[in-house]
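Peer 1: sharing a model that was predicted from the sequence below.
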Amino acid sequence: MQRILVFLALFAWTGIAHAQTQQGTISTLSLDGLSFISFENLETYQIPSGASIKFHFAPSGSGSSIGFTIQPQDVVIPPIKLSSGEGTLQYTLAGPASGTMTVTGGTATIDMTATISASLSGPDGGGSVTYPLHFTTQTASAPNSAGTKTVSVTGAPVVRSAGYVQLVAATTNKPQASPEPGRAVYTVLSGSFDHLP
């Protein structure tokens with residue numbers, strides 16, 4: 001009887017693992033207090049607590065690269081209060097994003113493309129701009145519109161045992177955007193996955 005129970009338990013576990021492999025994995029990245037956005041280091045804002053991003057990983061198969069997608073509703077970032085008194089800045093995902101996680105031993109790199117919408121709400125009104133961004137765990141850089149300064153920021157690969165990662169991206173702020181129009185902008189998304197494929 002004990003052997004039968006052990007066999008059934010192993011069969012059930014194998015079935016669950018097989019189903020997860022076939023269906024893919026949904027992993028939530030919860031951002032921590034090291035996450036921020038900076039406008040050429042002149043204004044830097046911490047991303048408020050409670051921010052998270054859901055990654056929909058494809059079935060892993062036998063290769064080292066795992067594709068994933070992120071839908072707009074998967075991104076939760078609370079409004080950022082601007083210290084300049086201009087109001088609040090809200091970042092959202094303007095459309096589906098996609099990327100790849102490449103596993104090497106106990107770590108993994110992530111690269112993804114996304115279109116981000118930045119919406120300003122303030123006492124003098126507001127507006128929205130969109131930015132195509134490349135997020136990576138490696139290095140991102142961007143110049144300001146005047147060409148007088150370039151910012152560069154380096155992320156950190158996924159530590160698979162802990163789920164920790166730092167994603168980075170950089171771009172040139174739009175001339176009609178606020179705060180700091182035309183500045184070189186970069187962001188660090190630091191946090192941990194609840195689990196990984």
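Peer 2: Here it is on my side, so go on.
Peer 1: what lies in contact with stretch 58-68?
Peer 2: For stretch 58-68, the external contacting residues (CB atoms under 8 Å, 6 or more residues apart in numbering) are 21-25, 55-57, 98-104, 112, 197. To be clear about C-beta, it is placed using only N, CA and C from the backbone, and glycine gets the same treatment.
Peer 1: cool, and stretch 190-197?
Peer 2: Where contact means CB under 8 Å, 6+ apart, the residues beyond stretch 190-197 that reach it are 20, 24-25, 27-35, 51-52, 55, 57, 60, 66, 108, 156, 158, 160, 162-167.
Peer 1: before we move on, back to that, quick one: which of the contacts of stretch 58-68 sit in strands?
Peer 2: 25, 55, 56, 57, 98, 99, 100, 101, 102, 103, 104, 112 (DSSP state E).
Peer 1: buried subset of the contacts of stretch 58-68?
Peer 2: When burial is judged by neighbour count using 16 or more other CB atoms under 10 Å, the buried members of the contacts of stretch 58-68 are 24, 25, 55, 56, 57, 99, 100, 101, 102, 103, 112, 197.
Peer 1: so which bits of the helix or strand hosting residue 169 are buried?
Peer 2: Using DSSP states H and E, residue 169 maps to strand 164-172. For strand 164-172, a neighbour-count test (16+ other CB under 10 Å) marks 164, 165, 166, 167, 168, 169, 170, 171, 172 as buried.
Peer 1: do I have it right that the fourth one meets residue 110?
Peer 2: Yes - the pair residue 167 and residue 110 passes the contact test of CB atoms under 8 Å, sitting 6.3 Å apart.
Peer 1: what number of residues lie near the nearest residue to residue 79 once chain neighbours are set aside?
Peer 2: Residue nearest to residue 79 in three dimensions, not counting chain neighbours: residue 88, with 4.1 Å by CB to CB, 6 or more residues apart in numbering. Counted with other CB atoms under 10 Å, residues neighbouring residue 88 total 14.
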